[in-house]
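**Student:** Pasting a predicted model and its sequence here:
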Amino acid sequence: MFTGIITDIGVIETVQKSETDARFRIKTSFDMSRFSIGASIACAGCCLTVVDKGDNWFVVDVSGESLSKTGMGNWKEGSRLNLESSLHFGDELGGHLVSGHVDGQATLEDLWPEGESYRMKIRVPDDLAPYIASKGSVALDGVSLTVNEVEGSVFGINIIPHTWKKTTFQDLKKGDNLNVEVDMLARYVARILGKEDHTA
């Protein structure tokens with residue numbers, strides 16, 4: 001479990017791909033002595049398991065299913081990733097509860113500065129649109145954000161200067177995809193009301 005508060009930006013150092021899956025070595029400023037093999041780290045919003053590590057790097061394995069359903073299939077050497085270590089009991093919940101299980105890919109439709117901040121227009125797949133609500137929460141590439149407004153499958157968000165500087169949002173351009181995780185509370189409410197699609 002995570003909070004959507006990014007604490008480091010990692011960089012892909014090496015990529016090893018087979019016909020079905022991939023292994024990534026990621027450089028980080030995390031103190032890796034705090035992490036054991038098997039620990040979870042959210043990488044661009046995807047909960048991944050540490051399978052090897054060094055002083056300033058760790059390695060993760062990614063299945064073909066995950067590569068096809070998230071932005072991880074496009075990772076290459078030099079790619080920058082939002083990183084967050086898993087939540088521990090007693091930690092401050094600064095954002096919202098984020099599972100690290102990506103629901104799909106969103107698309108950046110527009111991006112522009114507004115004062116010292118930035119505004120974004122994001123389009124999500126139609127099946128995820130019912131879970132996006134004005135003033136609700138959403139995670140994009142692992143970052144906990146508040147939804148400003150919603151119109152159909154498009155919603156707006158505001159990125160404050162601190163978030164802009166501390167995440168990979170500064171690398172984005174129109175048309176880029178982002179990993180999206182809808183608010184888990186919205187999913188539970190939809191299930192209770194009988195509105196969730198159970199065919200998936």
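**Tutor:** Nice, thanks for sending it over.

**Student:** can you map out the strands along the chain?
**Tutor:** For the chain, applying DSSP state E gives strands covering 8-17, 22-27, 40-43, 46-53, 57-62, 80-85, 104-114, 117-123, 137-140, 143-151, 154-159, 177-182.

**Student:** chain center to the fifth one, what's the gap?
**Tutor:** It refers to strand 57-62. Here the centre of strand 57-62 is set off from its chain's centre by 16 Å, with CA atoms, centre = their mean, to the nearest Å.

**Student:** Next: the first one.
**Tutor:** Here strand 8-17 shows a centroid-to-chain-centroid distance of 15 Å under the convention CA atoms, centre = their mean.

**Student:** can I assume E114 is in contact with N158?
**Tutor:** Yes: contact status for E114 versus N158: in contact at 7.3 Å, counting by CB atoms under 8 Å. Yep, even glycine has a C-beta here, placed from its N, CA and C like the rest.

**Student:** More neighbours: which of these two?
**Tutor:** N158 (15 against 9; other CB atoms under 10 Å).

**Student:** Who are the contact partners of the more buried one?
**Tutor:** E114, S117, Y118, R119, M120, T146, N148 (CB atoms under 8 Å, 6 or more residues apart in numbering).

**Student:** quick one on the thing from earlier: nearest to I192, of the strands of the chain?
**Tutor:** I192 lies closest to strand 177-182 among the strands of the chain, at 15.3 Å (CB to CB).

**Student:** what comes up buried for the worst-scoring helix or strand of the chain on mean pLDDT?
**Tutor:** Least confident element among the helices and strands of the chain, by mean pLDDT, DSSP states H and E: helix 184-192 (a mean of 73). Using 16 or more other CB atoms under 10 Å as the test for burial, helix 184-192 gives M184, A186, R187.
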